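J.: need a structure here:
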Amino acid sequence: MADPASLQNLHDVIEPAAVGFWPPADGVWIFVGLALLWALVGGVIAWFRYRQNAYRRAGMRELVKIRAGLGAQGGEKSAVLAVSVLLKRVALTAYSREKVASLSGEKWLSFLDATMTGGQFATTGKLLSEGIYQPVGGVKEISTRHVEKLCTLAGKWIQEHPSVLDHKAF
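T.: Below you'll find the model as predicted:
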């Protein structure tokens with residue numbers, strides 16, 4: 001049995017011990033660190049954007065209240081006035097006072113159109129500059145359908161207008 005080539009001398013292959021889960025390799029630590037950093041930066045950016053758009057959410061809540069008051073007697077005229085005031089308040093929050101405060105009439109409607117893609121304030125928004133000055137029971141009555149279109153357009157502007165605040169965050 002001294003023969004080294006004898007099958008009697010063969011043993012099972014000895015497998016090395018399994019690689020343990022802990023401690024992870026350096027690459028895993030780098031990946032986890034970068035993923036956490038990415039999540040933290042993303043969370044901070046999302047938080048800033050959420051805070052910057054608080055005025056938009058408040059404006060949309062106010063617009064819902066305005067729409068709810070449309071069914072009352074004379075609600076159309078008061079709704080048009082309320083939408084006008086709401087749009088001015090939102091614009092004063094989003095843009096500088098020097099740029100927005102003095103605008104009225106056609107210049108105000110042009111500003112709203114210019115700060116919105118596909119703006120229709122020059123047509124549908126005419127109610128803002130003309131509708132509130134019509135006497136009750138006068139020649140031009142304000143229909144609920146026109147006020148609804150105005151509210152929809154105002155809501156679209158509130159949600160989509162580019163804000164100066166958007167560019168100041170980072």
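J.: check which helix or strand covers Arg89.
T.: Using DSSP states H and E, Arg89 sits within helix 75-94.
J.: distance from that helix to the middle of the chain?
T.: Its chain's C-alpha centre and that of helix 75-94 lie 20 Å apart, by C-alpha atoms, centre = their mean, to the nearest Å.
J.: right, and the helix or strand after that helix?
T.: Following helix 75-94 in sequence order, the next helix or strand is helix 97-100 (DSSP H and E).
J.: tell me the average confidence for the helix holding Arg89?
T.: For helix 75-94, mean pLDDT rounds to 90.
J.: list the buried residues of the helix ranked longest in the chain.
T.: Counting residues, the longest helix found in the chain (DSSP state H) is helix 26-52. By 16 or more other C-beta atoms under 10 Å, helix 26-52 has no buried positions at all. Every residue, glycine included, has its C-beta placed from N, CA and C.
J.: export the helix holding Arg89 to PDB, keeping only CA atoms.
T.: Backbone C-alpha positions of helix 75-94 (Å, rounded to 0.1, in the frame of the first residue of the first chain) are rendered in PDB as follows:
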ATOM      1  CA  GLY A  75     -72.700  83.600  -6.800                       C
ATOM      2  CA  GLU A  76     -71.300  84.000 -10.300                       C
ATOM      3  CA  LYS A  77     -70.400  87.600  -9.900                       C
ATOM      4  CA  SER A  78     -68.900  87.100  -6.500                       C
ATOM      5  CA  ALA A  79     -67.000  84.000  -7.800                       C
ATOM      6  CA  VAL A  80     -65.500  86.000 -10.600                       C
ATOM      7  CA  LEU A  81     -64.400  88.700  -8.100                       C
ATOM      8  CA  ALA A  82     -63.000  86.000  -5.700                       C
ATOM      9  CA  VAL A  83     -61.100  84.300  -8.600                       C
ATOM     10  CA  SER A  84     -59.600  87.700  -9.600                       C
ATOM     11  CA  VAL A  85     -58.400  88.300  -6.000                       C
ATOM     12  CA  LEU A  86     -57.100  84.800  -5.700                       C
ATOM     13  CA  LEU A  87     -55.100  85.000  -8.900                       C
ATOM     14  CA  LYS A  88     -53.600  88.300  -7.800                       C
ATOM     15  CA  ARG A  89     -52.700  86.800  -4.300                       C
ATOM     16  CA  VAL A  90     -51.000  83.800  -5.900                       C
ATOM     17  CA  ALA A  91     -49.100  85.900  -8.400                       C
ATOM     18  CA  LEU A  92     -47.900  88.200  -5.600                       C
ATOM     19  CA  THR A  93     -46.500  85.100  -3.800                       C
ATOM     20  CA  ALA A  94     -44.800  83.700  -6.900                       C
END
